[in-house]
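Asks: have a look at this prediction, sequence included:
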Amino acid sequence: MIIRKKEIENLSMAIRKLIDGQEIDIRCNQEGAWPILKNDIHILAGQNKEQIQFLQQERDILKHTLADISHQIKTPLTSMSIMLDLVEGAPSEKQVELLKNMRASLDQTQWLVEALLKIAKLESGSISFSKKEHPVESLVQTAILPLAIQLEIKEQTISYQLKEDLTIFCDARWTSEALGNIIKNASEHSPKDSQIVIVTGENPIAAWIKVQDCGDGLTNEQIAKLFRRFEASNSSAGYGIGLPLAKSIMKSQKGDIEVDGGGNGQGATFTLKFYKMVEND
C-alpha cells in the first residue's frame, strides 16, 4: 500500500487540531492499514477528550468542596478564637465550660470537613465500593451504634420491624454511614421520649429500609431542600450535610432515598432503596 506524503501531512495536521481540542472527524470507512490507523487515532483522541473532561470535573468538584469548607469553618473557628481569649482570665469553672465548648466545636468542624471530602470523592467517582450480601439487621445495628448516646440523652427508643433473613447487596461500611445519618436526622427532628420506627422489606424490584420519625412532618418545599448542602439543617449543631452525604452514598451504589413528608400527626419517612436489577453490575 502506497501512502502519499500529502496524506501523511493531512493526518499530522488533523492530529494537531485534535490535540488543540478542535472537533474533527478523521475516521475512514475504507479497508486497509491506513484507514485502520486513522480510526484508531480517532478513538484514542475521543478517549483522551473524555479523560480531560473527567479531570476537569474532578477539579471543579474539589474547587467547590474547598470553597464550602473554607466558608463553613469560619464560624466555628471564630467562635473558638473568642473562647480561647476568654479562657485566660476566666474562673476555673468557666474555663472548664469554655474548653468543653471548644472541644465540641472542634469535633463538629472535623466531622464537617470529613463529610465534605467524602462527598467530593463520591461525586468524582474515586471511591471503589466493596458490595456483598449483608444481613439487614447487621447494617441497622452498625448504623445505630454511634448514635447510642444521642438517643439516650433524648430518651428515645427505636422500634424494629425487620424482615427475617433479608440481605442487602451493598457496601456495608458506606451503607451504615448513610443509614446512620438518616437515623440521626430522625432523632434530631423527634421530640424527647419518642420512638423512631425502622422497617425493612423487599419486593421484586428492590430491598428497602424505612426510617420514620415522630416529628411534625415535612412540606413539599422542605423536601425539595433536604439533599442540598447547608440548606436543610434546623439544628444548631448541624450543618445540613448529613442528608446530602447519605444521598451521595446511595446514588453511588445505584440506589436512592425517597421521602414521604407525613404531616397531620405523622412524622416523615425516609426510605433507602437498593435496586436488585443492578446487584451484579
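Replies: That came through fine. Numbering: from 1, shown residues only.
Asks: for the rest of this, base every contact and every neighbour count on C-alpha atoms.
Replies: Fine.
Asks: okay, Glu58: pLDDT?
Replies: At Glu58, the pLDDT value in this model is 69.
Asks: for the closest residue in space to Ile24 that isn't next to it in sequence, grab the count of nearby residues.
Replies: Nearest non-adjacent residue to Ile24, counting by C-alpha to C-alpha, 6 or more residues apart in numbering: Leu18, 6.7 Å away. By the criterion of other C-alpha atoms under 10 Å, Leu18 has 20 neighbours.
Asks: now name the helix or strand holding Leu18.
Replies: helix 5-19 (DSSP states H and E).
Asks: my guess is the residue nearest to Ile24 meets Asp25, correct?
Replies: No: the criterion here is C-alpha atoms under 8 Å, and Leu18 misses it with Asp25 at 9.1 Å.
Asks: can you list the domains in this structure?
Replies: For the chain, automatic domain parsing gives the domain ranges 5-58, 73-124, 132-278.
Asks: can you say which of those is packed in most?
Replies: Neighbour counts (mean count of other C-alpha atoms under 10 Å) averaged over each of the domains of the chain peak at domain 132-278, with a mean of 18.
Asks: could you check how far Gly263 is from Pro35?
Replies: Going from Gly263 to Pro35 by C-alpha to C-alpha, to the nearest Å gives 66 Å.
Asks: ok, now Ile119?
Replies: Counting by C-alpha to C-alpha - Ile119 and Pro35 are separated by 44 Å.
Asks: try Ile241
Replies: Going from Ile241 to Pro35 by C-alpha to C-alpha gives 53 Å.
Asks: so for stretch 124-144, mean pLDDT?
Replies: For stretch 124-144, mean pLDDT rounds to 91.
Asks: quick one, which of the domains of the chain is nearest to Leu66?
Replies: domain 73-124 (8.6 Å; C-alpha to C-alpha).
Asks: assumed Lys210 was part of a strand.
Replies: Yes: assessed by DSSP: H, G, I helix; E, B strand; the rest coil, Lys210 belongs to a strand.
Asks: once you drop chain neighbours, what's closest to it?
Replies: Thr271 (4.3 Å).
Asks: make sure that neighbour is indeed in a strand.
Replies: Yes: according to three-state DSSP, Thr271 belongs to a strand.
Asks: next SSE after the helix or strand harbouring Ile158?
Replies: Ile158 belongs to strand 157-161 when assigned by DSSP H and E. Per DSSP H and E, the first helix or strand lying C-terminal to strand 157-161 is strand 167-170.
Asks: report the distance from the following helix or strand past that next one to the chain centre.
Replies: Using DSSP H and E, the helix or strand that follows strand 167-170 in sequence is helix 172-188. Relative to its parent chain, helix 172-188 has a centroid offset of 12 Å by C-alpha atoms, centre = their mean, to the nearest Å.
Asks: out of the domains of the chain, name the one with the poorest average pLDDT.
Replies: Mean pLDDT is lowest for domain 5-58 among the domains of the chain, at a mean of 78.
Asks: run the chain-centre distance for that domain.
Replies: Chain-centre distance of domain 5-58: 36 Å, with C-alpha atoms, centre = their mean.
Asks: residue boundaries of the strands in the stretch 1-150 of the chain?
Replies: Using DSSP state E, counting those that start in this stretch, the strands of the stretch 1-150 of the chain run over 132-135.
Asks: would you list every one of the helices in it?
Replies: 5-19, 33-72, 74-89, 92-124, 136-144, 148-153 (DSSP state H, counting those that start in this stretch).
Asks: what's the closest of those helices to Lys163?
Replies: helix 136-144 (8.2 Å).
Asks: the closest one packs against which elements?
Replies: Counting contacts by 3 or more C-alpha pairs under 8 Å, 6 or more residues apart in numbering; DSSP states H and E, helix 136-144 packs against helix 172-188.
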